[in-house]
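S.K.: Predicted coordinates and the sequence they were generated for:
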Amino acid sequence: MSEIANLEPRPVWEQFDAILKVPRPSKKEGKIIEFLVDFAKKHNLEYRKDAVGNVVMRKPASPGFEERPAVVLQSHMDMVCEKNSDVEFDFDNDPIRARVEGGWVRAEGTTLGADCGIGMAAALAMMIDPEAQHGPLEALFTVDEETGLTGAFELGDGMLQGKYLINLDSEDEGELFIGCAGGIDTVATFRYTMEPAPKNYTFFRVDVSDLLGGHSGDDIDKGRVNSNKTVARLLWGGMQSFELRLSYFSGGNLRNAIPREAYAIFGVPERFVKEFRKRYELFAADLESEFRLREPNFKITLNEMPQVDEVLDARTQFALVYSLVGVPNGVIAMSAAVPGLVETSTNLASVKFEEGGRIVVTSSQRSSVESAKTYVMQMVESIFALAGADVAHSDGYPGWAPDPDSRLLEVTADAYRRLFAAEPKVRAIHAGLECGLFLEKYPGLEMVSFGPTLRGVHSPDERLEIATVPKFWDLLREVLRTL
């Protein structure tokens with residue numbers, strides 16, 4: 001048992017501590033699926049696993065609650081796997097190293113996986129809580145939410161029987177979510193060749209690091225700096241004035257994370273080196289001034305490299321750098337219907353040189369308005385298509401249209417007022433939840449989403465506020481008792 005398992009409420013923290021010990025990267029959920037199946041067997045819970053690995057457990061109603069409608073507690077079992085570049089960690093095999101720090105639980109240089117590990121923990125705790133009062137319960141754990149919503153897309157027939165669904169994947173205590181954005185990914189592929197590096201060139205590596213990053217839905221309106229865009233700005237300037245030749249570019253990892261780190265290797269003619277260094281120092285100072293209120297830890301470094309043998313062909317270099325600079329990124333529109341809600345956004349998530357002469361640029365678009373989602377996707381595709389890239393899209397996923405008259409919302413809001421003598425905020429979220437896909441398969445579902453407070457999700461700064469977990473747990477118990 002770690003110090004985390006001794007926090008209150010113990011039933012939730014003990015399960016969370018156990019979950020942290022199980023590797024669960026997206027698309028590699030085998031170990032956590034085995035953990036869940038073993039849990040169900042150990043506690044004599046009916047369970048079912050579908051073809052893609054989703055697991056549902058069922059628990060009978062408490063005595064006297066048999067006539068209540070069935071409720072689904074839903075969370076996803078995979079986690080975003082991000083780490084600081086100086087941290088040695090194997091997400092496929094290593095347990096998360098978590099600690100308590102100043103009222104929060106966080107990991108040591110990696111994502112914590114409280115998104116959605118704490119939701120899983122609450123659902124498991126509820127399935128074995130002998131004192132909880134509730135109607136028939138189902139706990140649904142889906143696979144691959146973070147990188148493809150695969151579990152929600154391919155949920156097996158007959159997996160759910162409940163009338164109500166409580167999604168446990170929210171990140172702000174005191175807020176009840178009743179709607180979310182839909183999304184789609186756009187992937188641009190450039191075909192390139194390498195050619196001999198020009199003679200009499202000096203080569204450098206530029207690194208952008210220590211950015212805040214974060215969730216490309218929840219944090220897109222916070223002005224977080226995109227590392228890919230920042231490196232591309234330097235390359236663009238070097239191409240204009242110093243005959244810069246690019247050899248390599250790498251930035252970002254996950255489609256739903258604002259990229260925190262990126263680097264490029266490039267050369268400039270020896271005759272320009274002195275002037276280029278001066279220009280770089282001015283550029284770095286300008287960025288520090290530009291970013292100082294948004295990115296307090298922003299770092300950009302330039303180091304001379306040994307001679308490089310090959311550079312990217314000039315045509316592809318031009319197309320890549322110009323499209324990276326030109327493609328939209330960040331908030332595109334705010335909602336006219338819900339004050340303060342981001343309606344439409346796009347995130348330039350990753351740039352990767354791959355084997356076989358391909359450069360793959362991944363971006364994700366979100367909107368609570370389907371036509372606007374299509375339009376921002378078209379914006380991004382147009383830039384990359386004009387640059388000569390092959391452009392493809394994911395299947396996308398639907399948004400979840402708010403239902404302010406939902407009985408489940410009414411009960412949840414009343415329970416919050418009764419427990420905490422405060423008014424909960426009822427809102428929609430710009431991040432994508434699985435709820436829209438569940439609604440397609442089960443049109444009669446009523447849904448609400450709530451959770452404890454998380455910050456820095458999808459980055460190594462991810463942390464879970466300890467004081468909000470008891471409120472999350474108490475609210476869940478009270479909703480199930482009174483629904």
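M.R.: That came through, no problem.
S.K.: and the longest helix for this protein?
M.R.: Assignment by DSSP state H gives helix 273-291 as the longest helix of the chain.
S.K.: Quick check: closest non-adjacent residue to residue 19.
M.R.: Nearest residue to residue 19, sequence neighbours excluded (CB to CB, 6 or more residues apart in numbering): residue 117, at 4.8 Å. Where you see a C-beta, it was placed from the backbone N, CA and C, and this is true even at glycine.
S.K.: Can you give me the distance of residue 322 to residue 246?
M.R.: According to CB to CB, to the nearest Å, residue 322 stands 12 Å off from residue 246.
S.K.: Tell me which of the two has more neighbours.
M.R.: Between residue 322 and residue 246, counting by other CB atoms under 10 Å, residue 246 is the more crowded of the two (21 against 17).
S.K.: How about residues contacting the helix or strand harbouring the more buried one?
M.R.: Secondary structure from DSSP states H and E places residue 246 in strand 245-251. By CB atoms under 8 Å, 6 or more residues apart in numbering, the list of residues contacting strand 245-251 from outside reads 197-198, 201, 203, 208, 227-228, 231, 235, 259, 261-268, 308, 310-312, 314, 317, 320-321, 350-353, 359.
S.K.: Which secondary structure state is assigned to residue 186?
M.R.: strand (DSSP: H, G, I helix; E, B strand; the rest coil).
S.K.: so it touches residue 382, yeah?
M.R.: No - applying CB atoms under 8 Å as the test, residue 186 and residue 382 come out as separate, 10.4 Å apart.
S.K.: burial count for residue 64?
M.R.: Counted with other CB under 10 Å, residue 64 comes out at 8.
S.K.: what's the closest non-adjacent residue to it?
M.R.: Leaving out its chain neighbours, the residue that sits closest to residue 64 by CB to CB, 6+ apart is residue 133, at 8.0 Å.
S.K.: who touches the one you found in this structure?
M.R.: Counting by CB under 8 Å, 6+ apart, residue 133 touches 62, 64-65, 477, 480-481.
S.K.: filter the residues you listed to the buried ones?
M.R.: Burial by neighbour count, 16 or more other CB atoms under 10 Å: within the contacts of residue 133 this picks out 62, 65, 477, 480-481.
S.K.: Which members of those residues are the farthest-apart pair?
M.R.: Using CB to CB, the buried ones among the contacts of residue 133 reach their maximum pairwise distance at 65 and 477, which is 12.8 Å.
S.K.: Strands along the stretch 351-483 of the chain, start to end?
M.R.: Ranges of strands in the stretch 351-483 of the chain, per DSSP state E, counting those that start in this stretch, are 358-367, 390-393, 425-429, 446-449, 454-455, 463-465.
S.K.: which one of those strands lies closest to residue 155?
M.R.: With CB to CB as the measure, strand 446-449 is the member of the strands of the stretch 351-483 of the chain nearest residue 155 (14.1 Å).
S.K.: by contact count, what packs against the closest one?
M.R.: Contacts defined by 3 or more CB pairs under 8 Å, 6 or more residues apart in numbering; DSSP states H and E place strand 446-449 against strand 164-167, strand 175-180, helix 407-420, helix 435-441.
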